[in-house]
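Visitor: fold the following and give me the result.
(2 chains)
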Number of protein chains: 2
Amino acid sequence: EAAALERELLEEYCFGRQQLVELCGYASAVAVTKAFPLPSLSRKQRTVLVVCGPEQNGAVGLACARHLRVFEYQPSVFSPARPADPLHRDLTTQCEKMDIPFLSFLPAEVRLIDDAYGLVVDAVLGPGVRPAEAGGPCARALTTMKRLSIPLVSLDVPSGWDAQAGGDVEDALQPDVLVSLAAPKSCARRFSGRHHFVAGRFVPDEVRRKFALRLPEYSGTDCVAAL
Amino acid sequence: EAAALERELLEEYCFGRQQLVELCGYASAVAVTKAFPLPSLSRKQRTVLVVCGPEQNGAVGLACARHLRVFEYQPSVFSPARPADPLHRDLTTQCEKMDIPFLSFLPAEVRLIDDAYGLVVDAVLGPGVRPAEAGGPCARALTTMKRLSIPLVSLDVPSGWDAQAGGDVEDALQPDVLVSLAAPKSCARRFSGRHHFVAGRFVPDEVRRKFALRLPEYSGTDCVAAL
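Guide: You can find the predicted model right below:
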């Protein structure tokens, strides 16, 4: 259903992928500011490690990292797959030119990550992608991320969760914050973290009705709403 | 200089045109909500006529109209040139499918427009485009817009102003609100309306320094700042 919703936006509404990724990345960064307001954070807590996978979820992560930089957080990016498609390539260039560091590898020693960053954004895998399909580097990154103690923010779905059934699998990520993109996926019902945001204000009313989405009320010009 | 700044963003930073138009259109809509807050408006005042030209300024107008719809204003669009390029075409489809009416012509009788709409957004011409170059329909729309009594919001530059010298020409638009995109153009110094916003939070610091832009401080996650 998430795929059908996206197809509707891309094909019927002629949204561009770049446009959707930008809207989602911006809203994801805004959600981070709501869960972890800048003034409440120490300098160290403002450092954010954004882990980006090879597909659209990872592209949203790159846009999110850029907006976090604009909001005066200190993002770093780890993008193990470094895909060559133009969307990822351009978003990567934007980050690099804005002085966002890219890690060449993720330390296997989790204490090093816990000490260096205030939080981690999981933009590794979107709905319906299994860790086994994502390739070795992503699977290894997820193994490391599972063992971190710092807060974890997952974009759209916690990476590796089944979009339907959720995260019963014993070694799934358990994020503190979930930012559902467009609309919550079924698995969001199993999310038990502190904050659940929906970033889907851009979804036209007609599409909400067609897919019978139960979306929250957004107030003012807010692009995200807390559930 | 505005052209050089845009070239820098597109070529050096690999921003996409769709991405920049989306960011600018979103920020323009947010600026409208700041100048004319929804709760302070009557039902009639929430109706906004967005007049869109054939180039990038018009594309930003289309994205602005869509976001205004999302923010629960009642936009209508008049796009006399209806350009066929994919960017305009897709943004037009998004508006149409979100039930934003498109006017087939602009009444020459200004009272009809003053009575029907609460405000007008001028997204006709960007910096450096003279009305004579824009073709008959845009020039005619500007002639009509000059005679309106309802508030006028211009995107980037008031259409027909010279980006450098400003709006001395006797029959130039005199907007109430100016939303400078990326950075104020020189002519903004001659703007004498009520509200001047800058929508350029997405401009990287390095670019601000390179072009010696004096930009306002943005607060929190605001994408626009009042000057």
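
Visitor: got the phi and psi for A:Leu213?
Guide: Dihedral pair for A:Leu213: phi -80, psi 130, per degrees, to the nearest 10.

Visitor: which parts of chain A are strands?
Guide: In chain A, strands defined by DSSP state E lie at A:47-52, A:74-78, A:119-123, A:152-155, A:177-181, A:195-199, A:225-226, listed in chain order.

Visitor: export these to JSON lines and tack on mean pLDDT, distance to chain B and mean neighbour count?
Guide: All C-beta atoms are positioned from the backbone trio N, CA, C, and that covers glycine. Below are the strands of chain A laid out as JSON lines (pLDDT from 0 to 100; distance: least, Cβ to the nearest Cβ, whole Å; neighbours: other Cβ atoms under 10 Å in any protein chain shown):
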{"stretch": "strand A:47-52", "mean pLDDT": "98", "distance to chain B": "15", "mean neighbour count": "27"}
{"stretch": "strand A:74-78", "mean pLDDT": "98", "distance to chain B": "13", "mean neighbour count": "22"}
{"stretch": "strand A:119-123", "mean pLDDT": "98", "distance to chain B": "16", "mean neighbour count": "27"}
{"stretch": "strand A:152-155", "mean pLDDT": "98", "distance to chain B": "15", "mean neighbour count": "28"}
{"stretch": "strand A:177-181", "mean pLDDT": "97", "distance to chain B": "14", "mean neighbour count": "27"}
{"stretch": "strand A:195-199", "mean pLDDT": "97", "distance to chain B": "13", "mean neighbour count": "24"}
{"stretch": "strand A:225-226", "mean pLDDT": "94", "distance to chain B": "13", "mean neighbour count": "16"}
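
Visitor: just put the ones you listed in CSV and tack on distance to B:Leu62.
Guide: Putting those into CSV (distance: least, Cβ to Cβ, whole Å) gives the following:
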stretch, distance to B:Leu62
strand A:47-52, 30
strand A:74-78, 31
strand A:119-123, 29
strand A:152-155, 28
strand A:177-181, 23
strand A:195-199, 22
strand A:225-226, 25
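
Visitor: A:Gln164: which of the ones you listed is closest?
Guide: strand A:177-181 (14.4 Å; Cβ to Cβ).

Visitor: check whether the helix ranked longest in chain A contacts chain B.
Guide: Ranked by residue count, the top helix of chain A under DSSP state H comes out as helix A:17-35. Yes. Contact of helix A:17-35 with chain B is found when judged by Cβ under 8 Å from any Cβ of the partner chain, involving A:18-19, A:22-23, A:26, A:29-30, A:33.

Visitor: residue contacts, the nearest residue to A:Ala188 once chain neighbours are set aside?
Guide: Excluding its sequence neighbours, the residue lying closest to A:Ala188 (Cβ to Cβ, 6 or more residues apart in numbering or on different chains) is A:Ser180, at 5.7 Å. Contact partners of A:Ser180, counting by Cβ atoms under 8 Å, 6 or more residues apart in numbering or on different chains, are A:156, A:188, A:196-200.

Visitor: now, which of those residues sits nearest A:Cys52?
Guide: Taking Cβ to Cβ as the measure, A:Cys52 sits nearest to A:Asp156 out of the contacts of A:Ser180, at 12.6 Å.

Visitor: list the contacts for the closest residue to the closest one other than its chain neighbours?
Guide: Setting aside the residues directly before and after it, A:Asp156 is nearest to A:Leu181 in space (Cβ to Cβ, 6+ apart), at 4.4 Å. If a contact means Cβ under 8 Å, 6+ apart, then A:Leu181 has A:24, A:27-28, A:60, A:155-156, A:199-200 as its contacts.

Visitor: enumerate the residues of chain A near chain B.
Guide: Taking Cβ under 8 Å from any Cβ as the test, the list of chain A residues beside chain B reads A:12-16, A:18-19, A:22-23, A:26, A:29-30, A:33, A:70-71, A:89-90, A:93-94, A:97-99, A:201-202, A:204-206, A:220-221.

Visitor: make a ChimeraX selection of the buried ones in those.
Guide: In ChimeraX syntax, the buried subset of these is picked out as below (16 or more other Cβ atoms under 10 Å in any protein chain shown):
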select /A:13,14,15,16,18,19,22,23,26,29,30,33,70,71,90,94,97,98,201,202,204,221
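
Visitor: returning to what we had before: so what pairs up with the residue nearest to A:Asp156 in the strands?
Guide: When bridges are called by DSSP bridges, A:Leu181 pairs up with A:Ala199.

Visitor: ok, it to A:Asn57 distance?
Guide: Relative to A:Asn57, A:Leu181 is positioned 8 Å away (Cβ to Cβ, to the nearest Å).

Visitor: over to A:Ala65?
Guide: When distances are taken as Cβ to Cβ, A:Ala65 and A:Asn57 turn out to be 13 Å apart.

Visitor: who's more crowded, these two?
Guide: More neighbours surround A:Ala65 than the other of A:Ala65 and A:Asn57, with 31 against 24 (other Cβ atoms under 10 Å in any protein chain shown).

Visitor: shouldn't that one be in contact with A:Val50?
Guide: Yes. Judged on Cβ atoms under 8 Å, A:Ala65 makes contact with A:Val50 at a distance of 4.3 Å.

Visitor: overlap in contacts of these two?
Guide: With contacts defined as Cβ under 8 Å, 6+ apart, the residues adjacent to both A:Ala65 and A:Val50 are A:75, A:77, A:121.

Visitor: return the residues in contact with the last one.
Guide: Contacts were defined as Cβ under 8 Å, 6+ apart; by that measure A:Val121 touches A:28, A:32, A:48-51, A:61, A:64-65, A:152-155.

Visitor: ditto for the second one
Guide: The contact partners of A:Val77, by Cβ under 8 Å, 6+ apart, come to A:49-52, A:61-62, A:65, A:95, A:100-103.

Visitor: if you set the cut-off to 6 Å instead, what comes out?
Guide: By Cβ atoms under 6 Å, 6 or more residues apart in numbering or on different chains, the contact list for A:Val77 reads A:50, A:65, A:95, A:100, A:102.

Visitor: and the second one, how far from A:Ser40?
Guide: A:Ala65 is 20 Å from A:Ser40, where distance means Cβ to Cβ.

Visitor: give me the number of residues near the closest residue in space to A:Ala132 that isn't next to it in sequence?
Guide: The shortest distance from A:Ala132 to any residue that is not its chain neighbour, by Cβ to Cβ, 6+ apart, is 6.9 Å, and that residue is A:Ala139. Number of residues near A:Ala139 (other Cβ under 10 Å) recorded here: 18.

Visitor: could you check how far A:Ala139 is from A:Val77?
Guide: Shown here: A:Ala139 relative to A:Val77, a distance of 18 Å by Cβ to Cβ.
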